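Provided below for reference: sequence and predicted model.
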Amino acid sequence: MKKDGEKVSPGDPLALIEEFIGGRNTYIDDSVIRSSVAGVVKVDWKNRIIDVEPIKQPLTIDVGDEILGKIFHISGVFGYVEIELVRKEGKGPWILLRGKYTGVVYPPTRVTDVGSTYHVRDEILARVESTLNRTLHLSIRGLRYGVVRAFCKTCRTELVRGDEPGKLVCPTCRSIETRKVSRLYGNTTIIKTLHKEKVLNTW
Ligand SMILES: [Zn+2]
């Protein structure tokens, strides 16, 4: 029989039905308790129950998924984004990512000054457009996508939406900055998600 803590694959024999009761993620096949998942064996000797705790598969980020992340570096026009949260196919709950995932974002139109699109430390909502060469290419094209939170260059205060489209205003020093602003800029749900208050799952 398998030992406590041992890794098993689907179909692997765990114990005989005379010895144990099959618990979670097991099935019986010809007097043998087998695992129905890839996981780790848990043996309860007192009650003689054998369970398998499933191992989570690594999360993959695919084309069409939405991400929330922070720009940590800019090189040329490319913004390098630390992805903090993902929403599969742009629907359902946001998933907080424990591992390190990085993506690259591009300005949606040809620009001479990338500073009018995004800055380091900006938080963006983007859509995964391609995974070519195992790089997550992020798009901020469309009204929904773009910067959702930004801070003043001068005094670091959180900027608020200005009167003109694409303009953000510092409530402290009144300076005005330009970005590719998402229509969800300052949206309560997005801000709560960024603060991990609205996140249901952690990976
Ligand atoms: Zn300011």
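The structure has been received and is ready for your questions.

bridging residues for the closest residue to residue 33 other than its chain neighbours?
Spatial nearest neighbour of residue 33, excluding adjacent residues (C-beta to C-beta, 6 or more residues apart in numbering): residue 22 at 4.1 Å. In short, each C-beta sits where N, CA and C put it, glycine included. Beta bridges link residue 22 to residue 50, judged by DSSP bridges.

now residue 105: how far from residue 75?
Here residue 105 is placed at a distance of 12 Å from residue 75 (C-beta to C-beta, to the nearest Å).

With neighbour numbers in mind, choose between the two.
residue 105 (28 against 9; other C-beta atoms under 10 Å).

which bits of this structure sit near the ion?
152, 154-155, 157, 170, 172-173 (C-beta under 5 Å from the ion).

One more pass at 6 Å, please.
Residues of the chain found near the ion (C-beta under 6 Å from the ion) are 152, 154-155, 157, 170, 172-173, 175.

how does this protein divide into domains?
Domains of the chain are assigned by automatic domain parsing as 7-54, 66-146+184-202.

could you dump the ones you listed to CSV with mean pLDDT?
Below are these laid out as CSV (pLDDT from 0 to 100):
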stretch, mean pLDDT
domain 7-54, 93
domain 66-146+184-202, 90
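
Dump the ones you listed to JSON lines, plus distance to residue 60.
Output for the domains of the chain, formatted as JSON lines (distance: least, C-beta to C-beta, whole Å):
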{"stretch": "domain 7-54", "distance to residue 60": "16"}
{"stretch": "domain 66-146+184-202", "distance to residue 60": "9"}
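
In the chain, what residue spans correspond to helices?
188-194 (DSSP state H).

ok, now how distant is the nearest residue to residue 9 once chain neighbours are set aside from the ion?
Counting by C-beta to C-beta, 6+ apart, residue 9 lies nearest to residue 38, which is 5.4 Å off, once chain neighbours are set aside. Distance, residue 38 to the ion, using C-beta to the ion, to the nearest Å: 52 Å.

Could you do residue 25 as well?
Residue 25 is 55 Å from the ion, where distance means C-beta to the ion.

Can you report how many residues neighbour that residue?
Residues lying near residue 25 (other C-beta under 10 Å) number 19.

For stretch 165-172, buried residues please.
Neighbour-count burial for stretch 165-172 flags 168-170 (criterion: 16 or more other C-beta atoms under 10 Å).

what does stretch 137-146 give?
137-138, 140, 145-146.

first vs last residue of that stretch, how far apart are they?
Chord length of stretch 137-146, first to last residue, is 14 Å (C-alpha to C-alpha, to the nearest Å).

in stretch 95-104, what's buried?
Buried residues in stretch 95-104 (16+ other C-beta under 10 Å): 95-97, 101, 103.

ok, residues contacting that stretch?
58-59, 61, 67, 69, 78-88, 126, 128, 135-138, 196, 199-203 (C-beta atoms under 8 Å, 6 or more residues apart in numbering).

CA atoms of it as CSV?
Extracted in CSV, the C-alpha atoms of stretch 95-104 (Å, rounded to 0.1, in the frame of the first residue of the first chain):
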residue,chain,number,x,y,z
ILE,A,95,-7.4,34.9,-9.3
LEU,A,96,-4.4,36.2,-7.3
LEU,A,97,-1.1,34.8,-8.6
ARG,A,98,1.5,33.7,-6.2
GLY,A,99,4.1,32.9,-8.8
LYS,A,100,5.9,35.5,-10.8
TYR,A,101,4.3,36.2,-14.1
THR,A,102,5.5,39.0,-16.4
GLY,A,103,4.0,40.5,-19.5
VAL,A,104,4.8,43.1,-22.1
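
Good, we can wrap up now.
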